[in-house]
Structure formats: structure tokens, C-alpha cells
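**Student:** with the sequence up front, the predicted model follows.
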Amino acid sequence: MKLSTNVKLICRPDSESEISKIAERAIKRAGAMEVLPTPVDDLVKAAAIMEVQSPEELKESFFARLTKSAQETFKYAIQKVRGIADLRDRINYIPQNGNPCRNLFPKAHEFGHQIIPWHNINTTYLDDDYTLSPDVETDFDREANFFASEVIFQGKSFRVHALDYVASLHAVFRLSEMYGASKQATIWRYIEEQDEAIAVAQYYPIDSTDEHGNHFLRHWKTIPSKKFIKKYEDIELPSRIGTGHPWVAARDIKFHDGINILEGKDLIRCGMSEYTFEWQAWWNGYTLFVLLRHKPILGVISKIIK
């Protein structure tokens, strides 16, 4: 079996402290401190920024300033765009997909571009799945991502709530509901804030299929807490898994209650040693998340808070 060791921390920007202050001021200006979920729409309005939901509404702003060829390119690219910030006219475009949780992060991200002072060096920002992900490398997008997370999770407030629970996906789901955020965004922030050694591995479907006709899942990356990467940076996870693997059962089993979380234990190699990790696996329809924790109480305690 091929193994993967892609363990990568979510790196906060060097401007973390200043971004946190900007986010806190925006929340206070809207009178939204400790209001959960954070009313991001109120924050945007309080900053005198207009938000539109149709690309046609952009024609009166920056769209009209594009050349004809650029307009044609834009019409093609708009299908992949998840947010646009027009700083010249203080307008944000957030396409609606019927999922408020999924729309929340790009909404907060574009808001960040608008009010982080040094971002006005550019007049327009176009964002897609990559620029909204932890993998993005450009400073301004990393800053806007961190700003979005600070606004949605209200900075230190989330850490206080996160540490109230034993580390588990059930806790993540409760916090997701509390903060009105997507489960994926909540998982990432949750891992960042943990004091103990936990991590989440993510697997995506690939084109090739197994003998059952189901798509194999390939390891994308493992996002660790700081303590996890210190202890288990060289953890070796399977690079490809398919039907029959205990984690994949979270995808293949039909759950009646809609909460497809499976739990178990695995002996996993880290460098020259092996450790028993408790795991929880959850399939969200297109990604497999596997929460790893080197503690024997995960399975018992997580059932208590369900």
C-alpha cells in the first residue's frame, strides 16, 4: 500500500494581530459582539458596502470598464467565481448557490478585501475555490481568509467554546450550527484552536474505480494541530483507499439519521514507531474527513455529547 505523509499546518498571515483588530472593530461597529451566528450582512452594511447577487448588476461598476475581449473572458470565468470585491465602487458580488453556509465564507472574505486598508492597492479581487482555501499562497488572499475566519468565529470566542467539548466531529457539528459556518470551515478552525494532538485527514474521489465500481479516494492532505505536528509530523496514512477500508464505510453505508460518522481505532506508523489512534470518519458527499486523535477516550465521550 502506498503511503502519504502530507501533513501541513494552516499558516496564519504575519499580519494576524492587525487583521484580528480590524475584524473586531468591524464586529463592534455593527453591534454584533457575541451575537451568534455573526450577522455578516450587518457588518457589510455598517461598512457602507453594497452587495449584489447577479453578475448583471456589476455592469454599472467594473464590468463596464472592461474591454470587449476581457468581458468575454469574464463571462466564461464567472462560472467558477465564488466572490468578487470591487473596491472602486465598494461593491461585492457573491453568487448564490442555495447554501447559506457555503456562501458565508466568500461573503466574509470579500468583505475583508474591502476593509483591510492595504488591500486597496488593487481595485478588484476575483476569488474561486483555490483563493478561499488554506492552500492559497498570495498574502492578500491569506489575509482575507484569516479575516473571514475571525469574523465568522469571532476570534477568541470560538476557542473558548471549542475547548468546552472533548475533541470530536460531533463537537465540530455543534459548533458549526452555533456559528452558522460550513462544517469544513469549522473543522479547519477547530483544529487550529486545539491544545491537544489531533488532526483531520481529507480524501477526495479520483477517476479510477475499485472492483465494486466505486471511486477510490486519494489522500489530499492532513491538517494538524500544533501539538500533533510536533509529535506525529511523519505520520504515514494510506495514499489511496477504497471499498472495504473502515474509513470509506462512512461513504458507503446508508445512514438513516443523516449523520454518517463512524468511529474506530487503528495502529498507524509514525516514522519508526506505531501508535494507536482513535478515528472518526465523515463523508459530506464529496470529501471524506478523518479526525485522528491519540487518546483512548474519544469514542466513549463523543457519544455523551451527541
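**Tutor:** That came through, no problem.
**Student:** center of this protein, which residue is that?
**Tutor:** Centroid-nearest residue in the chain, with Cα atoms, centre = their mean: Ala185, separated by 2.8 Å.
**Student:** from Pro224, how far off is that one?
**Tutor:** The spacing between Ala185 and Pro224, counted by Cβ to Cβ, to the nearest Å, is 17 Å. No exception for glycine: its C-beta is placed from N, CA and C like everyone else's.
**Student:** quick one on the thing from earlier: three-state assignment of the residue nearest to the centre of the chain?
**Tutor:** helix (DSSP: H, G, I helix; E, B strand; the rest coil).
**Student:** quick one: contacts for it?
**Tutor:** By Cβ atoms under 8 Å, 6 or more residues apart in numbering, Ala185 lies in contact with Leu104, Phe105, Ser149, Ile152.
**Student:** got it, and Met33?
**Tutor:** By Cβ under 8 Å, 6+ apart, Met33 lies in contact with Ile27, Gln154.
**Student:** against Val44, how distant is it?
**Tutor:** As judged by Cβ to Cβ, Met33 and Val44 stand 16 Å apart.
**Student:** what does Glu150 give?
**Tutor:** Applying Cβ to Cβ to Glu150 and Val44 gives a distance of 15 Å.
**Student:** quick one: which of those two has more around it?
**Tutor:** Just comparing Glu150 and Val44: by other Cβ atoms under 10 Å the higher neighbour count belongs to Glu150, 26 against 23.
**Student:** where does that one land in three-state SS?
**Tutor:** helix.
**Student:** once you drop chain neighbours, what's closest to it?
**Tutor:** Excluding the flanking residues, the one nearest Glu150 by Cβ to Cβ, 6 or more residues apart in numbering is Ala23, at 3.8 Å.
**Student:** so after the host helix or strand of the one you found, what's the next helix or strand?
**Tutor:** Assigned by DSSP states H and E, Ala23 belongs to helix 16-29. Where DSSP H and E defines the elements, the next helix or strand beyond helix 16-29 is helix 40-46.
**Student:** please identify the buried residues of that next one?
**Tutor:** Residues of helix 40-46 classed as buried: Val40, Asp42, Leu43, Val44, Ala46 (neighbour count, 16 or more other Cβ atoms under 10 Å).
**Student:** how about the strands in the protein?
**Tutor:** Counting by DSSP state E, the chain has strands at residues 3-4, 50-52, 83-86, 91-93, 124-127, 198-209, 215-224, 237-238, 240-241, 261-270, 273-283, 288-293.
**Student:** hang on, Ala26 packs against Ala148?
**Tutor:** No: at 11.2 Å, Ala26 does not count as touching Ala148 under the criterion of Cβ atoms under 8 Å.
**Student:** what do these two both touch?
**Tutor:** Phe111.
**Student:** picking that back up, just send the buried residues of helix 40-46 back as JSON lines, with pLDDT and distance to Ile84 too.
**Tutor:** Shown next, in JSON lines, are the buried residues of helix 40-46 (pLDDT from 0 to 100; distance: Cβ to Cβ, whole Å):
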{"residue": "Val40", "pLDDT": "97", "distance to Ile84": "16"}
{"residue": "Asp42", "pLDDT": "98", "distance to Ile84": "21"}
{"residue": "Leu43", "pLDDT": "98", "distance to Ile84": "18"}
{"residue": "Val44", "pLDDT": "97", "distance to Ile84": "14"}
{"residue": "Ala46", "pLDDT": "97", "distance to Ile84": "21"}
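**Student:** quick one on the thing from earlier: just send the strands of the chain back as a markdown table, with mean pLDDT and mean neighbour count too.
**Tutor:** As requested, these are exported to a markdown table (pLDDT from 0 to 100; neighbours: other Cβ atoms under 10 Å):
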| stretch | mean pLDDT | mean neighbour count |
| --- | --- | --- |
| strand 3-4 | 58 | 16 |
| strand 50-52 | 90 | 16 |
| strand 83-86 | 88 | 25 |
| strand 91-93 | 90 | 23 |
| strand 124-127 | 86 | 19 |
| strand 198-209 | 95 | 18 |
| strand 215-224 | 93 | 20 |
| strand 237-238 | 94 | 20 |
| strand 240-241 | 96 | 19 |
| strand 261-270 | 94 | 16 |
| strand 273-283 | 95 | 19 |
| strand 288-293 | 97 | 24 |
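**Student:** which among those strands is found nearest to Gln114?
**Tutor:** Evaluated over the strands of the chain, closeness to Gln114 peaks at strand 83-86, with 5.6 Å, by Cβ to Cβ.
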